[in-house]
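1. Next comes the sequence, and after it the predicted model I'd like to discuss.
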Amino acid sequence: MHTIASTRMSRALRVLRAVRVTSRPGSCALLPTLIVCLASAGLSQAAPTSYESFAYTTGSLVNGTPATGDGYTGNWTCGAAGTVVSGLTYTGLPVATNALRSAGARQFASFSSPLSSGTKWISFLYKTSAGDSGGNDNGVFFPNTNATCLWFGFGLAPYSATQGQLGLGSMTTAGTAAVSATSLKQLGLGTYGTTYLVVLRMDFDTSGANDTVTAYLNPVANQATPGVAAAGTNSTFDVGTIAGVGLNVQGAGEITVDEIRVGDTYADVVGHVATPPNAPTGLAATPGANLVSLSWTAATGSPTGYTVKRATASGGPYDSVGSTTAPTVTYNDAVLGGQDYYYVVTAVNGSGESPNSLEVSASPTLAAPVAPNGLAAIAGNAQVALNWSASPFATNYTVKRSTALEGPYSLLGTTIAPVVTYTDSSGLQNATTYYYVVSATGVGGTSPDTAPVSATPVGPVLLEVEIDRGKGIAWFASNSVTYQVQWAAALLGTNTVWNNLGSPITGNGATHTVFDPVGPPHNFYQVLSIQ
């Protein structure tokens with residue numbers, strides 16, 4: 001049964017609170033909390049009722065360290081000192097600077113307002129060390145007034161040297177020493193050394209002992225809903241009145257925990273913004289050779305990314321040409337030089353897209369295409385097949401050939417873009433090595449030649465085959481090599497007449513078998529490597 005009623009921070013106070021900057025002993029850094037006053041801009045941002053960003057000075061976090069997280073009270077109680085290290089990150093989740101790492105015993109701190117009724121959400125970033133952590137109950141626990149408390153982490157069977165079972169468990173809360181957990185709900189195998197966003201929904205049952213805990217692993221941040229199915233739910237355990245949160249490491253290994261948030265909704269604990277961000281400012285465009293480099297100032301309103309739009313006339317219409325993920329505020333746009341381009345950028349988050357930024361323009365210079373890359377030559381019977389990757393802004397390609405690596409190279413032929421293949425069958429001699437280069441031509445000129453590649457044409461090769469009238473004709477068919485099976489009625493030396501049996505076959509690096517249901521005059525067989 002729950003005996004302590006929960007208290008909630010006023011939403012009005014959360015909305016009107018200005019950015020709070022806190023200076024901490026022994027630290028020159030000033031760290032703003034993530035609760036920002038947006039009322040003046042007509043916006044609202046989801047905010048946690050409790051938030052521990054671990055904005056402590058890097059180093060040891062020892063017993064008696066004051067808990068400075070928003071919504072926490074008193075000091076940290078540490079069975080063994082924790083370590084403040086560089087913070088964890090997760091796509092779309094607003095994060096601060098540092099995290100807490102535990103390598104033994106327990107470290108925990110108390111909430112200013114314990115949790116005991118209604119629905120509460122708790123989120124945190126969680127990572128356990130690489131290596132065999134199996135059998136060691138390493139995770140996050142939630143101290144309460146009962147003899148046992150709720151626990152999340154690795155340690156439940158099965159486990160291996162690289163993976164372990166993530167799960168919810170019941171853990172003894174006596175003292176500060178680490179104590180093993182009893183499984184309540186397995187949530188699937190997780191990978192050591194991987195950062196997880198863990199979100200727990202607590203539905204308190206004030207009339208009985210069966211609270212409902214729903215766990216989400218790696219849900220979508222900065223949204224109003226998780227966006228993924230729950231990893232598991234347990235309704236058979238009394239979580240009690242949750243007085244705080246802590247780290248627990250039993251046995252080998254270590255865990256790192258960051259960004260602990262408690263709130264009334266999912267959006268509260270994953271940095272969700274209920275309105276689109278503001279338009280980016282400071283957009284600038286720098287022209288180059290067939291290139292425009294863009295940069296801008298990060299938008300306000302918690303954007304998760306930016307969309308770059310381009311037009312060939314001032315005022316648009318604009319087409320989306322690329323995007324970046326926040327906090328990246330630069331973009332390189334490959335365009336054909338010799339004309340003017342006009343750009344705007346918008347900011348996006350889970351609630352939508354901002355208005356366009358102010359327009360900027362740039363006039364890149366016209367340049368020749370870059371040399372094609374990936375040129376490859378495949379030898380065949382008295383021929384060589386060439387292919388390469390397309391060069392931006394190329395209108396055609398020139399193929400050249402030589403019988404010496406150093407050249408000189410003579411014009412062989414051309415292709416019109418977007419064709420990036422060419423077959424040379426102009427009087428090639430088998431067993432002779434030929435060298436090839438390719439260049440790209442566009443309205444801005446011609447690129448340098450590619451690096452040379454070579455190929456040596458070969459004629460048909462007679463293979464040794466195993467022939468069994470009942471089992472077929474079998475041989476090892478090398479990968480990507482073309483073969484032809486043939487039959488003859490009689491062996492007459494150079495006058496033997498060979499006939500194709502079926503169509504050519506492309507090998508796949510394994511033994512291939514061909515069956516011939518025809519009897520005489522199919523008396524003799526051979527297999528040729530023809531390409």
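-> Structure's in. What do you need?
2. So, low pLDDT: which residues of the stretch 251-400 of the chain?
-> Where the stretch 251-400 of the chain drops to pLDDT under 70, the residues are 273.
3. Which residue ranges of it form helices?
-> Assigned by DSSP state H, counting those that start in this stretch, the stretch 251-400 of the chain shows helices spanning 266-269.
4. could you pull out the strands for it?
-> Along the stretch 251-400 of the chain, counting by DSSP state E, counting those that start in this stretch, strands occupy 255-263, 281-288, 291-297, 305-311, 319-325, 330-334, 341-349, 352-353, 360-362, 376-379, 384-387, 396-402.
5. Please point out which parts of the last one sit buried.
-> Looking back up the chat, that one is strand 396-402. Neighbour-count burial for strand 396-402, counted by 16 or more other Cβ atoms under 10 Å, picks out 397-402. All C-beta atoms are positioned from the backbone trio N, CA, C, and that covers glycine.
6. now stretch 407-419
-> Neighbour counts over stretch 407-419 (16+ other Cβ under 10 Å) mark 409, 412, 415, 417 as buried.
7. Please tell me how far the first one sits from Thr456.
-> What it means is Tyr409. 17 Å (Cβ to Cβ, to the nearest Å).
8. low-confidence ranges in the stretch 401-531 of the chain?
-> 461-471, 531.
9. cutoff 90 now
-> Applying pLDDT under 90 to the stretch 401-531 of the chain picks out residues 425-431, 443-444, 455-531.
10. what's the answer for the stretch 1-150 of the chain, then?
-> 1-49, 91-97, 103-105, 129-138, 145-147.
11. circling back to that earlier point, let me know the closest of the buried residues of stretch 407-419 to Tyr306.
-> Ala417 (31.3 Å; Cβ to Cβ).
12. Now the residue nearest the centre of the chain. Its backbone dihedrals?
-> Nearest to the geometric centre of the chain sits Thr91, at 9.1 Å (Cα atoms, centre = their mean). Dihedral pair for Thr91: phi -60, psi 120, per degrees, to the nearest 10.
13. Report how many residues lie close to the residue nearest to Val497 when sequence neighbours are not counted.
-> The shortest distance from Val497 to any non-neighbouring residue, by Cβ to Cβ, 6 or more residues apart in numbering, is to Ala488 (6.0 Å). By the criterion of other Cβ atoms under 10 Å, Ala488 has 16 neighbours.
14. One more: Leu184?
-> Leu184: 20 neighbours (other Cβ under 10 Å).
15. Check which helix or strand it maps to.
-> strand 181-191 (DSSP states H and E).
16. circling back: among the buried residues of stretch 407-419, which one lies nearest to Val269?
-> Ala417 (52.1 Å).
17. Thought Pro392 was touching that closest one, still the case?
-> No - the criterion here is Cβ atoms under 8 Å, and Ala417 misses it with Pro392 at 10.1 Å.
18. Please work out which of the strands of the stretch 251-400 of the chain is packed deepest.
-> Highest mean neighbour count among these (mean count of other Cβ atoms under 10 Å): strand 255-263, with a mean of 26.
19. give the contact list for the residue nearest to Thr297 when sequence neighbours are not counted.
-> What sits nearest to Thr297 in space, not counting adjacent residues and going by Cβ to Cβ, 6+ apart, is Gly282, at 3.7 Å. The neighbours of Gly282, taking Cβ atoms under 8 Å, 6 or more residues apart in numbering as the test, are 295-297.
20. any chance of these in JSON lines, plus distance to Gly246?
-> JSON lines is the format used below for these (distance: Cβ to Cβ, whole Å):
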{"residue": "Ser295", "distance to Gly246": "44"}
{"residue": "Trp296", "distance to Gly246": "42"}
{"residue": "Thr297", "distance to Gly246": "40"}
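21. From the buried residues of stretch 407-419, pick the one nearest Ala161.
-> Ala417 (51.6 Å).
22. For the closest one, list the residues it contacts.
-> 390, 394-397.
23. mind running it again at 6 Å?
-> Shown in contact with Ala417 (Cβ atoms under 6 Å, 6 or more residues apart in numbering): 394-396.
24. quick one, domains of the protein?
-> Taking automatic domain parsing as the criterion, the chain consists of the domains 47-269, 281-362, 376-455, 461-529.
25. Next one: Val370 from Leu115, what distance?
-> Taking Cβ to Cβ, one finds Val370 at 60 Å from Leu115.
26. Compare these two (neighbour count), which wins?
-> Neighbour tally, Val370 and Leu115, criterion other Cβ under 10 Å: the higher count belongs to Leu115, 26 against 16.
27. Quick check: closest non-adjacent residue to the more buried one.
-> Nearest to Leu115 is Ile242, by Cβ to Cβ, 6+ apart, at 4.2 Å.
28. My guess is that neighbour contacts Pro143. True?
-> No - applying Cβ atoms under 6 Å as the test, Ile242 and Pro143 come out as separate, 7.3 Å apart.
29. Give me the more crowded residue out of the two.
-> Ile242 (27 against 23).
30. OK, contacts around that one?
-> Ile242 sits next to 115, 142, 144 when contact means Cβ under 6 Å, 6+ apart.
31. Now do the same for the last one: helix, strand or coil?
-> For Asn144, the reduced secondary structure class is coil; criterion used: DSSP: H, G, I helix; E, B strand; the rest coil.
32. Make sure it is actually in contact with Asp238.
-> No - counting by Cβ under 6 Å, Asn144 stays clear of Asp238, with 8.7 Å between them.
33. Comparing these two, which residue is more hemmed in?
-> Asn144 (22 against 19).
34. that older thread, and the contacts of Ile242, which is closest to Thr421?
-> Closest to Thr421, out of all of those and judged by Cβ to Cβ, is Phe142, at 63.2 Å.
35. For the closest one, list the residues it contacts.
-> Phe142 neighbours (Cβ under 6 Å, 6+ apart): 149-150, 242, 245.
36. Please apply the same query to Ser110.
-> Ser110 touches 73-74, 243-244, counting by Cβ under 6 Å, 6+ apart.
37. Give me the contact list for stretch 250-262.
-> With Cβ under 6 Å, 6+ apart, stretch 250-262 has contacts from 48-52, 54, 87-88, 95, 99-103, 122-129, 133, 136-138, 140, 178, 180, 245, 247, 249, 269.
38. my guess is Pro457 meets Ile378, correct?
-> No - using Cβ under 6 Å, Pro457 makes no contact with Ile378, being 10.1 Å away.
39. Restricting to C-alpha, output stretch 315-334 in PDB.
-> C-alpha atoms of stretch 315-334 as PDB (Å, rounded to 0.1, in the frame of the first residue of the first chain):
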ATOM      1  CA  GLY A 315      11.200  33.700 -54.200                       C
ATOM      2  CA  GLY A 316      10.900  30.200 -55.400                       C
ATOM      3  CA  PRO A 317       9.300  27.800 -55.900                       C
ATOM      4  CA  TYR A 318      11.800  25.900 -53.800                       C
ATOM      5  CA  ASP A 319      12.700  22.200 -54.000                       C
ATOM      6  CA  SER A 320      14.100  20.300 -51.000                       C
ATOM      7  CA  VAL A 321      17.600  19.300 -51.900                       C
ATOM      8  CA  GLY A 322      19.000  17.900 -48.700                       C
ATOM      9  CA  SER A 323      18.800  17.800 -44.900                       C
ATOM     10  CA  THR A 324      20.900  17.700 -41.800                       C
ATOM     11  CA  THR A 325      20.400  16.300 -38.300                       C
ATOM     12  CA  ALA A 326      20.700  18.700 -35.400                       C
ATOM     13  CA  PRO A 327      23.100  20.100 -34.200                       C
ATOM     14  CA  THR A 328      24.700  20.200 -37.700                       C
ATOM     15  CA  VAL A 329      24.100  23.600 -39.300                       C
ATOM     16  CA  THR A 330      26.100  23.300 -42.500                       C
ATOM     17  CA  TYR A 331      25.400  21.800 -45.900                       C
ATOM     18  CA  ASN A 332      27.300  21.500 -49.200                       C
ATOM     19  CA  ASP A 333      25.100  21.500 -52.300                       C
ATOM     20  CA  ALA A 334      26.700  20.200 -55.500                       C
END
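40. All set now, cheers.
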